[in-house]
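**Q** Structure for this input, please:
(one chain, ligands or ions: 1)
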Amino acid sequence: MKAIAIEKYGSKEVLKEMQVEEPKANAKQVVVEVKATSVNPIDWKLREGYLQKMMDWQFPIILGWDVSGIISEIGNEVIGWKVGDRVFARPETTRFGTYAEYTIVDQSLLAKIPENISFEEAAAVPLAGLTAWQGLFNYGKLKEGETVLVHAGAGGVGTYAIQLAKSVGAKVITTASQKNHDLLFGLGADQVIDYKTDNFAELLNEIDLVLDTVGGEVQKESFKVLKQKTGRMISIVGLADEEVRKQYDVGFESIWLEPNGRELTEIANLMAAGKVKSVIGSKYPLTEKGIYEAHGLSETHHALGKIVIVSD
Ligand SMILES: NC(=O)c1ccc[n+]([C@@H]2O[C@H](COP(=O)([O-])OP(=O)(O)OC[C@H]3O[C@@H](n4cnc5c(N)ncnc54)[C@H](OP(=O)(O)O)[C@@H]3O)[C@@H](O)[C@H]2O)c1
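**A** Okay, here's the model as predicted:
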């Protein structure tokens with residue numbers, strides 16, 4: 001089958017279209033014919049070799065960890081799924097990713113695509129949507145009536161986080177450059193701060209939860225706006241400086257997404273009900289050139305919403 005893969009770490013030039021063996025599902029897995037996938041920052045971080053210590057895989061590595069498509073084969077212990085089902089998933093993090101004609105998914109990671117949602121809208125969701133879900137709810141314990149600060153509201157994780165937080169009745173404050181403010185109000189944000197002209201740490205206080213998607217100075221400054229004792233920060237970009245953290249009586253956790261079909265189904269239900277939608281900022285074909293351009297955009301750190309890759 002055709003895949004876009006890498007045979008060494010490096011810049012976008014190492015992305016190559018190649019023929020690879022079709023993946024084989026084990027007893028508890030399905031093969032999915034890929035209709036669409038998406039690009040996340042982890043794709044190019046892995047391509048560059050930044051994650052080699054965590055994921056020391058053999059080459060070739062097929063990148064991509066979001067899929068929407070149709071089940072084309074099922075393992076003999078798979079229950080509740082059949083060939084022909086429209087599904088989406090964040091597959092396990094293996095070297096057999098989703099920039100390919102077919103990919104493998106564990107049955108426990110699958111979710112049905114709601115009828116009113118396209119393959120493109122579905123492919124945008126799993127990695128970013130589950131990260132937002134787990135950051136806000138599993139770890140952040142966000143509750144109705146609380147105030148959450150979502151950094152980088154216009155990004156892949158941010159656009160889902162705003163909508164998911166609103167779905168439980170939280171007040172949502174987010175940061176974005178001015179050009180994206182109307183879009184984020186449209187997603188339900190109560191307040192949008194232009195991080196290029198205003199310092200959020202001077203404008204905010206008594207925040208219950210911060211979802212840190214930026215790190216560095218933004219993370220450091222975010223400690224200042226949290227409620228003492230009950231405030232908490234969940235970072236998806238890394239550990240806090242211990243010296244800084246010690247100065248505040250707040251909670252902090254750095255998290256890594258765990259793929260989860262049940263939670264993805266909960267997001268799918270919200271999408272079916274019109275409470276959550278994918279913001280697709282750009283689309284590229286599943287070709288060497290398409291992925292090359294999509295990585296280039298993601299690497300700018302200023303892609304709007306999700307970058308979706310459509311199979312031809
Ligand atoms: N731990 C995990 O499991 C996990 C999971 C998913 C993602 N991540 C990480 O989380 C980060 C965000 O992921 P993502 O997919 O949301 O990235 P993304 O879609 O590439 O984020 C791009 C957005 O970030 C905004 N942005 C850039 N700098 C900003 C700043 N200083 N303040 C506010 N907004 C800013 C941009 O908005 P403007 O155009 O308005 O500037 C742009 O819309 C990445 O580093 C990614 O690797 C971690």
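
**Q** close to the ligand, is the helix or strand that Ser38 is a member of?
**A** Secondary structure from DSSP states H and E places Ser38 in strand 29-39. No. Judged by Cβ under 6 Å from any ligand atom, strand 29-39 stays clear of the ligand, getting no closer than 8.7 Å. For every residue, glycine as well, the C-beta is placed using N, CA and C.

**Q** what comes up buried for stretch 171-181?
**A** 171-176, 180-181 (16 or more other Cβ atoms under 10 Å).

**Q** Next step: these restricted to helices.
**A** His181 (DSSP state H).

**Q** ok, and which of the buried residues of stretch 171-181 reach the ligand?
**A** 175-176, 180.

**Q** Can you convert the buried residues of stretch 171-181 into CSV and add a column each for pLDDT?
**A** Formatted as CSV, these follow (pLDDT from 0 to 100):
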residue, pLDDT
Lys171, 98
Val172, 99
Ile173, 99
Thr174, 98
Thr175, 98
Ala176, 98
Asn180, 98
His181, 98
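
**Q** from the buried residues of stretch 171-181, which two are the most distant?
**A** Farthest pair in the buried residues of stretch 171-181 (Cβ to Cβ) is Lys171 and Asn180. Separation: 19.2 Å.

**Q** So which of the buried residues of stretch 171-181 sit within strands?
**A** 171-176 (DSSP state E).

**Q** Redo those as a markdown table? Include distance to Asn199.
**A** A markdown table is the format used below for these (distance: Cβ to Cβ, whole Å):
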| residue | distance to Asn199 |
| --- | --- |
| Lys171 | 20 |
| Val172 | 19 |
| Ile173 | 14 |
| Thr174 | 15 |
| Thr175 | 10 |
| Ala176 | 15 |
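
**Q** Looking at those residues, spot the one nearest Ala36.
**A** For those, the nearest to Ala36 is Ala176 (25.4 Å; Cβ to Cβ).

**Q** Spatially nearest residue to the residue sitting nearest the centre point of the chain (excluding sequence neighbours)?
**A** The chain has Ala128 as the residue nearest its centroid, 1.5 Å off, counting by Cα atoms, centre = their mean. Sequence neighbours aside, Gly156 is the residue nearest to Ala128 in space, at 3.8 Å (criterion: Cβ to Cβ, 6 or more residues apart in numbering).

**Q** Understood, closing this out.
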